[in-house]
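1. Dropping a prediction and its sequence here:
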Amino acid sequence: MDKLPAQMTVVAISKPGGPEVLVPEQRSVPQPGPDEILVKVMAAGVNRPDVAQRSGAYPPPPGASDLPGLEIAGEVVAVGSNAKRHQVGDKVMSLVAGGGYAQYCIAQDAQAMSVPPALSIKEAGALPETLMTVWHNVFERGGLKAGETLLIHGGSSGIGTMAIQLAKAFGAKVFVTVGSQDKIDACLKLGADRAINYKSEDFVAVIKAETNNVGVNLILDMVAGDYVDRNYDAAAVDGRIVQIATLNGPKVSVNIAKVMVKRLTHSGSTLRPRSNADKAAMVAAIEQKVMPLLREGRIKPVMDSTFPLEKAADAHRRMETSAHIGKIVLEALVTGPQGKPETL
């Protein structure tokens with residue numbers, strides 16, 4: 001193996017604020033601990049939590065890198081003394097607690113997954129955080145089963161497009177809310193049974209009409225705000241609502257009687273603060289139940305756009321327009337052993 005450089009380019013948050021506070025800087029290449037691997041980053045997914053961290057609303061958990069970036073794909077270049085799953089030279093994709101906006105990134109060995117041949121490295125970089133969020137919240141926490149109905153708010157997002165594919169693959173009927181005709185078309189192409197334009201349609205009325213007033217079994221919501229009480233109206237008796245973000249605000253006013261009458265369960269989670277053991281368990285379940293679909297090419301992330309690592313600010317601007325369909329990815333430019341840049 002070529003000797004690793006001492007320094008790398010990263011994109012740091014200079015202060016809380018808009019996209020312009022994302023600035024490239026030089027830092028030392030990190031060294032993996034006993035249960036960790038060091039990955040030469042080829043692609044890093046851009047996610048809403050990155051935007052929240054940049055604005056000062058989502059600080060990294062204790063011990064995590066202060067750099068944004070929660071999912072990466074690339075080549076293993078060093079391994080810790082206890083790392084047994086992956087070896088130097090392996091192509092992997094991994095959830096990380098931070099540090100993805102960099103040329104090199106530390107990952108937990110137990111949280112890294114081999115990149116299936118059916119995926120490009122850019123697609124792999126768009127997958128771990130999205131896939132684990134969907135798997136845990138829709139199937140583990142939400143308990144979606146074949147024959148049930150699922151409503152996804154934000155159906156054209158990276159989370160939404162993955163949730164559509166997984167829910168359909170496991171036999172559910174899928175409804176989504178989106179804000180434009182091109183997003184409707186994209187979701188229907190992925191297999192959604194009905195796409196609702198929230199700007200011109202009332203999703204509660206549409207759900208009631210489509211389900212003969214029964215409602216949906218599960219709602220995956222990243223909106224919150226005034227959607228929460230409306231979700232209770234759209235849910236079926238014994239329905240479940242899983243909250244994964246609060247784009248319309250975390251403080252809400254609801255009629256709690258609806259929860260009681262319908263016996264609803266409203267849960268929620270965030271992925272980043274979970275323990276390494278929890279995340280490793282999710283990876284194990286995904287490798288058993290979802291990886292076959294990825295290897296067969298039946299499921300893959302929808303790709304919106306790619307930006308160079310140094311242009312992370314432009315990637316955040318793209319995300320904040322909400323015009324994207326699917327995933328936004330950063331592509332790293334790595335300095336080789338002779339100090340020359342090499343595109344991966």
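-> Everything's here; your move.

2. Spell out which residues sit in contact with His316, please.
-> Contact analysis of His316 by C-beta atoms under 8 Å, 6 or more residues apart in numbering lists Pro19, Leu22, Val46, Asp50, Val51, Arg54. (Glycine included, C-beta is placed from N, CA and C.)

3. Just those residues: which are in strands?
-> Judged by DSSP state E, the contacts of His316 include Leu22, Val46 as members of strands.

4. Make a ChimeraX selection of whichever of the contacts of His316 turn out to be buried.
-> With 16 or more other C-beta atoms under 10 Å as the criterion, this ChimeraX line picks the buried residues out of the contacts of His316:
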select :19,22,46,50,51,54
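
5. which of the contacts of His316 lies closest to Ile13?
-> Using C-beta to C-beta, the shortest approach to Ile13 within the contacts of His316 belongs to Arg54, at 5.3 Å.

6. Is the residue nearest to the spatial centre of the chain part of a helix or strand, or is it coil?
-> With distances taken as C-alpha atoms, centre = their mean, Thr130 lies nearest the centre of the chain, 2.4 Å away. Here Thr130 is recorded as helix under DSSP: H, G, I helix; E, B strand; the rest coil.

7. Which residues are in contact with it?
-> Listed by C-beta under 8 Å, 6+ apart, the contact partners of Thr130 are Gly45, Asn47, Glu71, Gly158, Ile159, Met162, Pro301, Lys327.

8. what does the model give it for pLDDT?
-> Thr130 carries a pLDDT value of 94.

9. do the one 4 residues further on as well
-> We have a pLDDT of 97 for Val134.

10. cool, Ala332 as well?
-> On pLDDT, Ala332 comes in at 85.

11. what's the answer for Arg272, then?
-> If you check Arg272, the pLDDT there is 88.

12. And for Lys3?
-> We have a pLDDT of 85 for Lys3.

13. Can you give me the neighbour number for it?
-> Here the count is done by other C-beta atoms under 10 Å, and Lys3 has 6 residues near it.

14. before we move on, what SS does it have?
-> Lys3 ends up coil, using three-state DSSP.

15. Distance of it relative to Ala78?
-> Lys3 sits 11 Å away from Ala78, going by C-beta to C-beta, to the nearest Å.

16. Which stretches in the stretch 1-150 of the chain count as strands?
-> In the stretch 1-150 of the chain, the strands defined using DSSP state E, counting those that start in this stretch lie at 7-13, 22-28, 36-46, 71-79, 91-95, 104-108, 112-114, 149-153.

17. Roughly how far does Ala315 sit from Arg54?
-> From Ala315 over to Arg54 the distance is 11 Å, taken as C-beta to C-beta.

18. go on, His136?
-> His136 sits at a distance of 24 Å from Arg54 (criterion: C-beta to C-beta).

19. ok, the closest residue to Asn276 other than its chain neighbours to His86 distance?
-> Closest residue to Asn276 apart from its sequence neighbours, by C-beta to C-beta, 6 or more residues apart in numbering: Gln108 at 5.5 Å. Separation of Gln108 from His86 (C-beta to C-beta): 10 Å.

20. Now do the shared contacts for these two.
-> Residues touching both Gln108 and His86 (C-beta under 8 Å, 6+ apart): Ile37.

21. Nearest approach to Pro250 belongs to which of the strands of the stretch 1-150 of the chain?
-> With C-beta to C-beta as the measure, strand 149-153 is the member of the strands of the stretch 1-150 of the chain nearest Pro250 (15.1 Å).

22. contacting residues for Asp90?
-> Listed by C-beta under 8 Å, 6+ apart, the contact set of Asp90 reads Glu75, Val76, Ser114.

23. let's see 6 Å
-> Neighbouring residues of Asp90 by C-beta atoms under 6 Å, 6 or more residues apart in numbering: Val76.

24. Let me see the backbone angles for it.
-> For Asp90, the backbone dihedrals (degrees, to the nearest 10) come out as phi -70, psi 140.

25. Check Leu330 too.
-> Backbone torsions for Leu330, taken as degrees, to the nearest 10, come to phi -100, psi 140.

26. what about it, distance to Lys84?
-> The gap separating Leu330 from Lys84 is 29 Å, by C-beta to C-beta.

27. where do the helices sit along the chain?
-> Secondary structure of the chain (DSSP state H): helices at 48-55, 121-125, 128-134, 158-169, 181-190, 203-210, 227-234, 256-262, 276-289, 291-295, 312-321.

28. List the contacts of the fifth one.
-> What it means is helix 181-190. Applying C-beta under 6 Å, 6+ apart, the contact partners of helix 181-190 are Gly155, Ser156, Thr161, Ile164, Gln165, Val176, Val178, Ala195, Ile325.

29. now, the most widely separated pair of the residues you listed?
-> The distance between the two most remote of the contacts of helix 181-190 (C-beta to C-beta) is 15.4 Å, for Gln165 and Val178.

30. Those two - which one has more neighbours?
-> Val178 (26 against 21).
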